[in-house]
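1. Have a look at this fold, sequence not included:
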Ligand SMILES: Nc1ncnc2c1ncn2[C@@H]1O[C@H](COP(=O)(O)OP(=O)(O)O)[C@@H](O)[C@H]1O
Ligand SMILES: [Mg+2]
């Protein structure tokens, strides 16, 4: 068994009086693909956002490749990291948003080299070479100089994936990467993610695409009400769920 | 669709608006388009043209305007020098005002209540004071603080100078205009920043882009789209607003014009000189604004609209093409419109 890459340990998160995550535990091994399923509002996005510290946790901790995210442990206490250090940690964590969030005023190539140049201080030329290689990989070789709004939704999301990959992250997080797409564009984005899975990229994917989960996931996690209800190999969770809530959810989305 | 069946009624009867015999449906290219005629609009246009012509005629021929005097002064050294002072005042107050304004805007947007309050108070005060009051105030600064010095706050002073000698009248004017401008610029910049989708900052943060870079490279360029139209207004207002510094006897355009007509009594033509220059400068600023806005619109549209120059060039090209075509035998246009492919 390979080592644990992402370790989520007893994470609690509240927004005011609303407790959104109520003790989530999750372990993702290097090179594995974890798909998170669950009804809307169950806390899937919040969980992903705590993993790269876009949200602070109220209790519990998260580590990536053995490094605590957002905190430093000294003695028996967790000290919050400065923003600068959090930003540095985030370069190890790729995040792909539901609505892409590409920078519309920058060309595709500029979108891809922005973080490597400014956050990792890569030489511009080297960053451009990497960027072009990644564009090849997501099938957008000829779009380097286009602006995001000149692309289809599927193409934009593929650029967003390439942008996340440009930092060579240890783990890639996807928050419903195909939910904002027209149905006929979903396939091209899922194909790129499948391709990444084939090359051993560690990924956590929140999605409603059950077929994708069955085909690509090493582990399927079902969340509801801010907790992990059950998890296991796709065959077990999708075809033979133990919990009533999982069954009810699957009967709705299948 | 019913109209695709071969039993469709002959002609365009289904349109229901034209009772006359329909044109031969097999040759839609032969349909002639008759534009609507707007008689009332034409009459109104004619009336306005006559009025404008009368006004221009009066402007040119009425001796009151003294165009000869206008010509003598409009490019005279004194006036050009004064225009230069006006431009300097505008440039300094714009650059410094927007710099300070941007800092104030981000203070108001910061999470620190202290910074928020300080910025809010600044904006409140400087928007409340009429510019002219403030200018006179700075002009008389030395009466209030005779010496400016560096030292420990509330403690001893290491180095100090006579404040009127460092600041000077021009300096006092620039300070006054800048502080006034900054209060307005702060709100304009803040408006631009909050118009940028929050997802943009989130994406930048998720990529680990350093904080200052997030603002400079991701947020501000996008905020510019909302900032520029209002900022353009402000800068043009400022250009004209510099005329109030005449109260400080600074040789800017309006002051110089007053000095000259005070001496010569030629009030109207000299006011025209000032007007002409303000119009020219404002027009230049408007053109500059157009191109700056265009630059920041990159990526905002799938295909950016052409500039007036490009449009003019395209127009000339179509005229030429049309002229060239007139010398060629006419080839009927092939249409594929809704009428064209009914079969
Ligand atoms: N910033 C926030 N402030 C307040 N409530 C929030 C915030 N973000 C999410 N929530 C709430 O947390 C719950 C879980 O949201 P989310 O994690 O987005 O669910 P999911 O992604 O599973 O649909 C929802 O009820 C949502 O309204
Ligand atoms: Mg969500």
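-> Right, received. Where do you want to start? Keep in mind that this is a model prediction, so the values were computed, not measured. Numbering: from 1, shown residues only, chains lettered A, B, ... in the order given. Ligands and ions are numbered 1, 2, ... in the order given.

2. mind checking the SS state of residue 201?
-> Using chain A. For residue A:201, the assignment made with DSSP: H, G, I helix; E, B strand; the rest coil gives coil.

3. ranges for the strands of the chain?
-> Picked chain A for this. With DSSP state E, the ranges of strands along chain A come out as A:4-15, A:18-29, A:33-37, A:59-64, A:67-68, A:71-74, A:77-80, A:93-96, A:171-175, A:203-206, A:219-224, A:227-232.

4. my question was about chain B
-> With DSSP E, the ranges of strands along chain B come out as B:147-151, B:157-162.

5. The strands of chain A into CSV, with extra columns for mean neighbour count?
-> For glycine as for every other residue, the C-beta is placed from the backbone atoms N, C-alpha and C. Listed next are those as CSV, based on neighbours: other Cβ atoms under 10 Å in any protein chain shown:
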stretch, mean neighbour count
strand A:4-15, 18
strand A:18-29, 17
strand A:33-37, 26
strand A:59-64, 18
strand A:67-68, 14
strand A:71-74, 13
strand A:77-80, 11
strand A:93-96, 26
strand A:171-175, 24
strand A:203-206, 25
strand A:219-224, 24
strand A:227-232, 18
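
6. Same list (those strands) but as a markdown table, adding mean pLDDT.
-> Below are these laid out as a markdown table (pLDDT from 0 to 100):
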| stretch | mean pLDDT |
| --- | --- |
| strand A:4-15 | 96 |
| strand A:18-29 | 96 |
| strand A:33-37 | 97 |
| strand A:59-64 | 95 |
| strand A:67-68 | 94 |
| strand A:71-74 | 90 |
| strand A:77-80 | 88 |
| strand A:93-96 | 98 |
| strand A:171-175 | 97 |
| strand A:203-206 | 97 |
| strand A:219-224 | 97 |
| strand A:227-232 | 96 |
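
7. Among those, which comes closest to residue B:309?
-> strand A:93-96 (41.5 Å; Cβ to Cβ).

8. what about residue B:103, distance to residue B:134?
-> Per Cβ to Cβ, to the nearest Å, residue B:103 is found 19 Å from residue B:134.

9. the more surrounded of the two?
-> Taking other Cβ atoms under 10 Å in any protein chain shown, residue B:103 and residue B:134 do not tie; residue B:134 has more neighbours (19 against 16).

10. from memory the more buried one sits against residue B:182, does it?
-> No: Residue B:134 lies out of contact with residue B:182 (Cβ atoms under 8 Å); the separation is 11.7 Å.

11. hey, what's in contact with both of those two?
-> residue B:126 (Cβ atoms under 8 Å, 6 or more residues apart in numbering or on different chains).

12. Chain A contacts on the stretch 201-343 of chain B?
-> Proximity of the stretch 201-343 of chain B to chain A is confined to B:202-211, B:213, B:217-218, B:221-222, B:296, B:298-302 under the rule Cβ under 8 Å from any Cβ of the partner chain.

13. just the buried members of those residues?
-> With neighbours counted using 16 or more other Cβ atoms under 10 Å in any protein chain shown, these contain these buried positions: B:203-210, B:213, B:217-218, B:221-222, B:296, B:299.

14. List just the nearest of those residues to residue B:287.
-> Distances from residue B:287 to those, taken by Cβ to Cβ, are shortest for residue B:296, at 15.6 Å.

15. Can you identify each of the helices in the chain by residue range?
-> No chain in the question, so chain A it is. Using DSSP state H, the helices of chain A run over residues A:44-51, A:83-90, A:108-118, A:124-137, A:153-165, A:183-198, A:210-216, A:234, A:244-253.

16. you looked at the wrong chain, it should be chain B
-> Applying DSSP H to chain B gives helices spanning B:39-61, B:67-74, B:77-109, B:113-128, B:131-139, B:141-144, B:163-194, B:198-206, B:211-213, B:220-241, B:253-264, B:267-296, B:308-326.

17. can the longest one be found next to chain A?
-> No: shown here: helix B:77-109 not in contact with chain A (Cβ under 8 Å from any Cβ), separated by at least 14.8 Å.

18. do the fourth one as well
-> No: judged by Cβ under 8 Å from any Cβ, helix B:113-128 stays clear of chain A, getting no closer than 15.9 Å.

19. average pLDDT for that helix?
-> Confidence for helix B:113-128, expressed as mean pLDDT, is 96.

20. Counting by contacts, list what it packs against.
-> helix B:77-109, helix B:163-194 (3 or more Cβ pairs under 8 Å, 6 or more residues apart in numbering or on different chains; DSSP states H and E).

21. Name the residues that touch it?
-> B:104-105, B:107-108, B:110, B:134, B:179-180, B:182-184, B:186-187.

22. quick revisit: so which of the helices and strands packed on helix B:113-128 is nearest residue A:112?
-> Among these, the nearest to residue A:112 by Cβ to Cβ is helix B:163-194 (24.9 Å).

23. Residue A:141 reaches residue A:133, doesn't it?
-> No: the criterion here is Cβ under 8 Å, and residue A:141 misses it with residue A:133 at 9.7 Å.

24. residues in the stretch 1-150 of chain A within reach of chain B, list them.
-> Contact residues (Cβ under 8 Å from any Cβ) of the stretch 1-150 of chain A with chain B: A:52, A:54, A:83-84, A:87-91, A:93, A:95, A:97, A:99, A:101-107, A:114-115, A:118-119, A:147-150.

25. so what's residue A:221 up against?
-> Residues near residue A:221 by Cβ under 8 Å, 6+ apart: A:26, A:34-37, A:228, A:230-231, A:237.

26. rewinding a little: could I get the contacts of helix B:113-128 as CSV with pLDDT?
-> Shown next, in CSV, are those (pLDDT from 0 to 100):
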residue, pLDDT
B:104, 97
B:105, 96
B:107, 96
B:108, 96
B:110, 93
B:134, 89
B:179, 94
B:180, 95
B:182, 96
B:183, 96
B:184, 96
B:186, 97
B:187, 96
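
27. Count the neighbours of the closest residue to chain A within the stretch 51-200 of chain B for me.
-> Using Cβ to the nearest Cβ, residue B:199 is the residue of the stretch 51-200 of chain B that sits closest to chain A, at 4.3 Å. When counting by other Cβ under 10 Å, one arrives at 15 neighbours for residue B:199.

28. Let me see the contact set for the nearest residue to it once chain neighbours are set aside.
-> Of all residues not flanking residue B:199 in the chain, residue A:101 sits nearest, at 4.3 Å (Cβ to Cβ, 6 or more residues apart in numbering or on different chains). Neighbour list for residue A:101: A:160, B:197, B:199-200, B:202-203 [criterion: Cβ under 8 Å, 6+ apart].

29. Near ligand 1, which residues of the stretch 151-254 of chain A? Just list them.
-> On the criterion Cβ under 6 Å from any ligand atom, ligand 1 has no neighbours in the stretch 151-254 of chain A.

30. picking up where we left off before, what's the separation between the residue nearest to residue B:199 and residue A:148?
-> For residue A:101 relative to residue A:148 (Cβ to Cβ), the value is 10 Å.

31. How about the contacts made by the spatially closest residue to residue A:165 that is not a sequence neighbour?
-> Leaving aside its sequence neighbours, residue A:165 sits nearest to residue A:134 (Cβ to Cβ, 6+ apart; 5.4 Å). Counting by Cβ under 8 Å, 6+ apart, residue A:134 touches A:112, A:162, A:165-166.

32. Done for today, thanks.
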